[in-house]
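J.: take a look and give me a structure for this.
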Amino acid sequence: MPRRCAPGPGTAYPTVPAAGLVTVARNRARDRLRRESARPAKELAYVVNDIGAIRARTEHSDPHPVRDDELRMMFTCAHPALDRQSQLALTLRLVSGLTVTEIARALLQTDAAIGQRITRAKNKIRHANIPLRVPPAELLPERTPHVLGCIYSVFTEGYWATGGPSAIRDELCDEGVRLAQELCALMPQEPETHALAALVLLHDSRRATRVDEAGALVPLDEQDRSRWDHGRIARGLDRLRRASGSRGPYLPQAVIAALHASAPSWEHTDWTTICAAYDRLLQLTDSPVVVANRALAVGFRDGPDAGLAALEEVAHDPRLSHSNLVASARADLLRRAGRGADALRWYRVALDSNGSEPSRGFLQRRIAECQG
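T.: Numbers count the residues shown, from 1 in each chain. As a prediction, the model looks like this:
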């Protein structure tokens, strides 16, 4: 549970005792009830009960290499009887405490689809009497991709909060970094675990500069690099070196993050190598988010018109129908091309889409700039 694990200033990350896990979940549920009075209390109580059931079924007296309670439950939920998307949705809902809406945005699906997927997964577990137990050590590697995906989703929701008043949710960022490093300690010979740890550490090094004093988003090209956490950058680069040999999707993403973190200025960013890393990433995933981000990188390497042409590949991708990513990217490329009127129109389209309050504030600022 992120809030339980968040350390105080200058302290080490505490472990979460199994006996306290349900209490943590219950406290978090009460916090949510206070914040989200419109949300049915029955639903939150149901989540707490599910967490308790998973905890009870994962406890056993035998020694096990997975000592962290949240990692234990993540490995447990990665049962092969469930498809990968159901594993991920179920884990993020019941173990990490993300809302259905947050999970839907992370997985590029609708709230209804995610809700149904979670319900079907829980029903399958109950009706088929699927044993939810922590897998033995020899089965951990085959379930590791699931755990990596869960950890990155938790960190991502913290780093790019999809809703609410804050652009960043510190407790989720902290938990994602903690879990990534715990997983490295558990599986030090798995290069992809180091790749994920490198990725979250390098991103997290910029956390303090991503919002201004008013809480508004600050884009990368406007961030004060002297305030980046250079200790985290060094640890991230060390993890990146240990990720050599990884064949998974986190290594090229970590390379991109490292190139940004090591560039002395925005103007000296190595966009050629960043584009090459995106090309490698697209060999491993067909994510439209990756295509859109690559288009922005192409725009910085070859000019905004080239970026706009690359963006057309996902301009009508249905997986992005509930996202303002394409509209925001198009608006930014048009602004950089000096086409202020066209950029203004697309910033307004992006503003009409759902997003966090800081994201909407950033778009409103861009609209004001275009209006001159």
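
J.: list the contacts for L186?
T.: Contact partners of L186, counting by C-beta atoms under 8 Å, 6 or more residues apart in numbering, are P65, V66, D68, L71, L140, T193. For glycine as for every other residue, the C-beta is placed from the backbone atoms N, C-alpha and C.

J.: quick one: it from A89, how far?
T.: As for L186, its distance to A89 is 24 Å (criterion: C-beta to C-beta, to the nearest Å).

J.: same question for R301.
T.: When C-beta to C-beta is applied, the distance between R301 and A89 equals 36 Å.

J.: and for L179?
T.: Distance of L179 to A89, computed by C-beta to C-beta: 18 Å.

J.: for the stretch 201-350 of the chain, what spans make up the helices?
T.: Assigned by DSSP state H, counting those that start in this stretch, the stretch 201-350 of the chain shows helices spanning 230-242, 250-262, 271-282, 288-302, 304-311, 325-336, 340-352.

J.: out of those helices, which is closest to D221?
T.: Distances from D221 to each of the helices of the stretch 201-350 of the chain were compared using C-beta to C-beta; the shortest belongs to helix 288-302, at 9.3 Å.

J.: so what secondary structure elements neighbour that closest one?
T.: The elements that helix 288-302 packs onto, with contact taken as 3 or more C-beta pairs under 8 Å, 6 or more residues apart in numbering; DSSP states H and E, are helix 271-282, helix 304-311, helix 325-336.

J.: distance to Q223, mean pLDDT and mean neighbour count added to those, as TSV?
T.: As requested, the helices and strands packed on helix 288-302 are exported to TSV (distance: least, C-beta to C-beta, whole Å; pLDDT from 0 to 100; neighbours: other C-beta atoms under 10 Å):
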stretch	distance to Q223	mean pLDDT	mean neighbour count
helix 271-282	17	98	18
helix 304-311	21	98	19
helix 325-336	16	97	22
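
J.: which of these sits closest to P219?
T.: Nearest of the helices and strands packed on helix 288-302 to P219, taken as C-beta to C-beta: helix 325-336 at 8.7 Å.

J.: report the distance from the closest one to the chain centre.
T.: 22 Å (C-alpha atoms, centre = their mean, to the nearest Å).

J.: wait, what's in contact with the closest residue to G355 other than its chain neighbours?
T.: Leaving out its chain neighbours, the residue that sits closest to G355 by C-beta to C-beta, 6 or more residues apart in numbering is N324, at 5.9 Å. Neighbour list for N324: V349, A350, L351, D352, S353, N354, G355, S359 [criterion: C-beta under 8 Å, 6+ apart].

J.: out of the contacts of L186, who's the most crowded?
T.: The member of the contacts of L186 surrounded by the most neighbours (other C-beta atoms under 10 Å) is T193, with 28 neighbours in all.

J.: coming back round to it: quick one, which of the helices and strands packed on helix 288-302 is nearest to R105?
T.: Of all those, helix 325-336 sits nearest to R105, with 10.5 Å by C-beta to C-beta.

J.: what sits up against the closest one?
T.: Taking contacts as C-beta under 8 Å, 6+ apart, the residues outside helix 325-336 that touch it are 289, 292-293, 295-296, 299, 304, 307-308, 311, 314-315, 317, 320, 340, 342-347, 349-350, 353, 363, 366, 369-370.
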